[in-house]
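J.: next come a sequence and a model predicted from it.
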Amino acid sequence: MVNRERALNTGRELETATSLEPGAAPTLSVVVPVFNQASSIVGNLQTIRERVSTELGEPFEILVVSDGSIDETEGTLLAQRGDGNFRVLHYDRNLGKGYAVKLGALEATGDWIGFVDADLDLDPGDLAVYVRRARAEQLDFAIGSKRHPDSHVHYPRSRVVASWLFQQLVRALFRLDVRDTQVGIKVFRREVAEQVLPLLLVKRYAFDIELLAVARAFGFGRIEEMPITLDYRFTGSGVRSRAVVRALIDTAAIFYRLRILRYYQRRRAIAGAYGWTRPRSYRPLVSVLLPSDGYFRERDYPNVEVLEVADDSPAALRDAAREARGEVLAILQTGGRAAGNWVSATAPFFARDEIVAVLSPKMAPFGGSLRMRAAAAVDESRIGAGFGFFRFTPGNVRYVLDFPASSLLVRRNAFLALPLVDPDDLVLCLTRAGGRVLYSPEAVIVAEPAELFRDHLKAVIHRGRLRGRRLRGGSFGFDRGSTWVIPVGLVVAAIVVSALLGGERTDVLLACAGVYALAVVVASLGATLRFQSLGVGALAAAGIVATHLAYLAGVVDGLGRS
């Protein structure tokens, strides 16, 4: 039996969460990314709303995206939301301003979409001016610029010089006729959000460049720089040497993908201009299968029921699915914390008959015990386990054939048509049955990994057995948990080369062992720097080696079982 909690919104909550008259469509959607600003965010939002309302004089909405805030930002916003006229989207892992803007823009309903920093360094009233100019001139973008002759800027000289040098590089690489890409206030038309944003990989330090450069490549090249009023307060976006280096790396990566790989153009060609856009008008009834320790926070999706289940075992989920009323099931893994847009960002894709399931990226929380953080470092490492966990950017939208997913949205009929299967085999079974499974990074699930060492290795052996059974059945595809091929490849190469040379070349074995050890050391150093803990780095090194051994043992066991 399941405990059913019916939660059908009438739309009244959504109306009070926006700056709209009932039934009015917004001209402008204002996206406000925020991180750890519990003490100031409500007053700042009041200022943003008043300034935009005074300058625009038309319906608008505000979407506040809490980018993994760990203070009371989310609770403060939700407590004020009924009177504050804004929507709140929160997820439990800090992913950077670019990801927050992308998420908010894809949830927006306005004809024009703008974003502005929450710290009020920039005048939010300028958004209204930008919209009027963009409409009058039929622009694709109206963007703030420190170098506009009418701008009023109070800015440190060191940042002026650094910004100028960076912009010269951007102009040379992307042929953007823009003097300043990095100001945190911009307005763009809805078509940009629908055609461009789903394809962006949203690196943390170069989102603005990626947005403008890819949009221009897709034909959205009508960009005009607008004046700003900037009173720089040093409130959280200071330039540090590490940030400068990361910005340069991200910029180079965008150039490589756009000009050399032509990644964005190829992704667009696969499905067409709107192929990765979710149909906004489709809102099926979604039945959320929620374990007792799971957390589902969505409040704005208009058609949802919540069914509490004891756990996320195949049998318990099957029983709950039989009782569900929804056309779509939202399965949340044990201990999972769903982002505030999990259902709204994924359910509309089911308007496409060929899609039977939609996945979201899974990430580990940044905190926790030493062994928990070490397990997260292993799971997120490029040579570790990688079982569905992402470390930084959640990846690109795409169809997948085989993906370990314990949290997903799936058509109820397709789910019930399958036999009882392990969650890690669910995607493979759905695709083998003829459906298409979409991976979309527009929402995230945060879940704690199993602690090092016993619980973690138990899970690794289990997944290794699944892989062994697949290999025995002739399935040789690679999934996100297939990084075991790195140590296996080194071992096989060493054995083959040694055999070809008569088994006497121990230097070959030593060389392979050295490469493997170096890879483990690099991953360990990365974990040390990321978690600022030598203990995490040391445990992660041991955990990576133990993970590889356990996974291989599981694969061998799976191959040998009948």
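T.: Sure thing, it's come through.

J.: is it true that V187 lies in a helix?
T.: No. With DSSP: H, G, I helix; E, B strand; the rest coil as the criterion, V187 is located in strand rather than a helix.

J.: worst-scoring helix or strand of the protein, pLDDT-wise?
T.: helix 12-16 (a mean of 30; mean pLDDT, DSSP states H and E).

J.: and the helix or strand that that one is followed by, what other elements does it pack with?
T.: Proceeding N to C from helix 12-16, the next assigned helix or strand is strand 28-34, under DSSP states H and E. The elements that strand 28-34 packs onto, with contact taken as 3 or more C-beta pairs under 8 Å, 6 or more residues apart in numbering; DSSP states H and E, are helix 41-56, strand 60-67, helix 97-107, strand 112-116, helix 126-137. The C-beta positions use only the backbone N, C-alpha and C, and glycine is treated the same way.

J.: of the ones you listed, which is nearest A310?
T.: strand 60-67 (30.4 Å; C-beta to C-beta).

J.: the inter-axis angle of the closest one versus strand 112-116?
T.: Interaxial angle, strand 60-67 versus strand 112-116 (axes from the mean of the first three to the mean of the last three C-alpha atoms, to 10 degrees): 50 degrees.

J.: enumerate every residue touching the residue lying closest to K97 once chain neighbours are set aside.
T.: In this structure, K97 finds its nearest non-sequential neighbour in P33, 4.9 Å apart by C-beta to C-beta, 6 or more residues apart in numbering. Listed by C-beta atoms under 8 Å, 6 or more residues apart in numbering, the contact partners of P33 are 65, 67, 97, 100-101, 104, 115, 117-118.

J.: equivalent analysis for G110, please.
T.: So G110 contacts 25-29, 60-61, 190 (C-beta under 8 Å, 6+ apart).

J.: please apply the same query to A443.
T.: 91, 103, 338-339, 341-342, 345-346, 360.

J.: where's it, which helix or strand?
T.: Using DSSP H and E, A443 maps to neither a helix nor a strand.

J.: what's it sitting at in phi/psi?
T.: Reported as degrees, to the nearest 10, the phi and psi values for A443 are phi -150, psi 160.

J.: next: A324.
T.: The phi/psi pair for A324 (degrees, to the nearest 10) is phi -70, psi 150.

J.: which residues sit in contact with it?
T.: Contact analysis of A324 by C-beta under 8 Å, 6+ apart lists 287, 289, 305, 307, 412.

J.: possible to save these as TSV with distance to Q46, pLDDT and neighbour count?
T.: Output for the contacts of A324, formatted as TSV (distance: C-beta to C-beta, whole Å; pLDDT from 0 to 100; neighbours: other C-beta atoms under 10 Å):
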residue	distance to Q46	pLDDT	neighbour count
S287	37	97	24
L289	38	96	27
E305	35	95	17
L307	38	95	22
R412	43	97	19
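
J.: out of those, which sit inside helices?
T.: Members of the contacts of A324 lying in helices (criterion: DSSP state H): R412.

J.: inside strands: which ones of the contacts of A324?
T.: The strands, defined by DSSP state E, take in 287, 289, 305, 307 from those.

J.: so the third one sits against S287, correct?
T.: Same thing as E305. Yes. Using C-beta atoms under 8 Å, E305 is in contact with S287, at 5.2 Å.

J.: which neighbours do these two have in common?
T.: 324-326.

J.: ok, those vs R171, which is closest?
T.: The nearest member of those to R171, counting by C-beta to C-beta, is G326 at 50.5 Å.

J.: contact partners for that closest one?
T.: By C-beta under 8 Å, 6+ apart, the contact list for G326 reads 284-287, 304-305, 412.

J.: one more: V545?
T.: So V545 contacts V520 (C-beta under 8 Å, 6+ apart).

J.: and the helix or strand encompassing it, what's buried?
T.: Taking DSSP H and E as the criterion, V545 maps to helix 534-560. The neighbour-count check on helix 534-560 (16 or more other C-beta atoms under 10 Å) flags 536-537, 539-541, 543-555, 558 as buried.

J.: wait, doesn't I62 sit right on R49?
T.: Yes. Contact criterion C-beta under 8 Å: I62 and R49 qualify, at 6.3 Å.

J.: still on that earlier bit, make CSV from the contacts of G326 and add distance to A375 to it.
T.: Below are these laid out as CSV (distance: C-beta to C-beta, whole Å):
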residue, distance to A375
P284, 36
L285, 37
V286, 31
S287, 31
V304, 32
E305, 34
R412, 33
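
J.: P404: which of those is nearest?
T.: Using C-beta to C-beta, the contacts of G326 come closest to P404 at R412, 21.6 Å.

J.: what's opposite the closest residue to the closest one other than its chain neighbours in the beta bridge?
T.: Counting by C-beta to C-beta, 6+ apart, R412 lies nearest to L329, which is 5.2 Å off, once chain neighbours are set aside. Beta-bridge partners recorded for L329 (DSSP bridges): S287, V410.

J.: which outside residues touch stretch 553-562?
T.: By C-beta under 8 Å, 6+ apart, the residues outside stretch 553-562 that reach it are 460-472, 484.

J.: list the buried residues for stretch 453-465?
T.: 453, 456-457, 459-465.

J.: if you skip the residues just before and after it, what's nearest to F86?
T.: I62 (3.9 Å).

J.: just list whatever residues bridge to that neighbour.
T.: For I62, the beta-bridge partners are V30 (DSSP bridges).

J.: which residues does it contact?
T.: When contacts are counted by C-beta under 8 Å, 6+ apart, I62 is found next to 18-19, 29-30, 32, 45, 48-49, 52, 85-87.

J.: can you rerun that using 7 Å?
T.: Counting by C-beta atoms under 7 Å, 6 or more residues apart in numbering, I62 touches 19, 30, 32, 45, 48-49, 85-86.

J.: between these, which sits nearest G514?
T.: Scanning those for proximity to G514, where the rule is C-beta to C-beta, the winner is V32, at 50.3 Å.

J.: my read is that the closest one contacts T47, right?
T.: No. The criterion here is C-beta atoms under 7 Å, and V32 misses it with T47 at 11.0 Å.

J.: these two: which has the busier surroundings?
T.: V32 (23 against 13; other C-beta atoms under 10 Å).

J.: hmm, back to that, buried by neighbour count, from the contacts of G110: which ones?
T.: Buried members of the contacts of G110, counted by 16+ other C-beta under 10 Å: 26-29, 60-61, 190.

J.: ranges for the helices of the stretch 351-500 of the chain?
T.: 370-380, 412-416, 423-432, 454-472, 485-500 (DSSP state H, counting those that start in this stretch).

J.: please identify the most buried of those helices.
T.: helix 370-380 (a mean of 25; mean count of other C-beta atoms under 10 Å).

J.: now do that helix: which elements does it pack against?
T.: Applying 3 or more C-beta pairs under 7 Å, 6 or more residues apart in numbering; DSSP states H and E, we find helix 370-380 packed against strand 389-390, helix 506-531, helix 534-560.

J.: what about that helix, average pLDDT?
T.: Per-residue pLDDT over helix 370-380 has a mean of 91.

J.: ok, stretch 35-44 next?
T.: 89.

J.: one more: stretch 229-240?
T.: 57.

J.: likewise for stretch 165-178?
T.: On average, stretch 165-178 scores 89.

J.: tell me which residues of it come out buried.
T.: 166-167, 170, 173-174, 176, 178.

J.: hang on, the earlier thing: what about the residue nearest to K97, distance to P394?
T.: 16 Å (C-beta to C-beta, to the nearest Å).
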